[in-house]
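Participant: need a structure here:
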Amino acid sequence: MIPNARLCKALIDRTTDRAHIIETGAESYRFRRTLEKRKGRTSTANMTAAAPQAAEKKGS
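Facilitator: Residues are numbered from 1 along each chain as shown. Reported below is the predicted structural model:
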C-alpha cells in the first residue's frame, strides 16, 4: 500500500501521536499468524541451508 517504509513510519507516527492505545488483553489473530509465518520461513530456510551441507557429507 505504502511503497516507502520511511513514509509508512511517519504516517503511523502522526496517526498515533495523540491516540489512546487500549490493550484488551486478547491475543491478536493477525500478530499470531505473522509469528507463525515467520517460524515457517525460518524452519524452511534452515532446512534449505542444511540440504547442501548434507549432500557434501554424502559425497565425501
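Participant: which element is the residue sitting nearest the centre point of the chain on?
Facilitator: With distances taken as C-alpha atoms, centre = their mean, residue 38 lies nearest the centre of the chain, 5.0 Å away. Under the criterion of DSSP states H and E, residue 38 resides in helix 29-59.
Participant: show me the shaky parts of the chain.
Facilitator: Scanning the chain for pLDDT under 70 picks out 43-60.
Participant: can you tell me how far residue 20 is from residue 14?
Facilitator: Applying C-beta to C-beta, to the nearest Å, the value for residue 20 to residue 14 is 16 Å. Every C-beta, even on glycine, is put in place using the N, C-alpha and C of the backbone.
Participant: neighbour count winner among those two?
Facilitator: residue 14 (9 against 5; other C-beta atoms under 10 Å).
Participant: helix/strand/coil for the more buried one?
Facilitator: helix (DSSP: H, G, I helix; E, B strand; the rest coil).
Participant: residue 7: which element?
Facilitator: Going by DSSP H and E, residue 7 is part of helix 5-16.
Participant: how far does that helix sit from the chain's center?
Facilitator: Centre-to-centre, helix 5-16 and its host chain are 19 Å apart (C-alpha atoms, centre = their mean, to the nearest Å).
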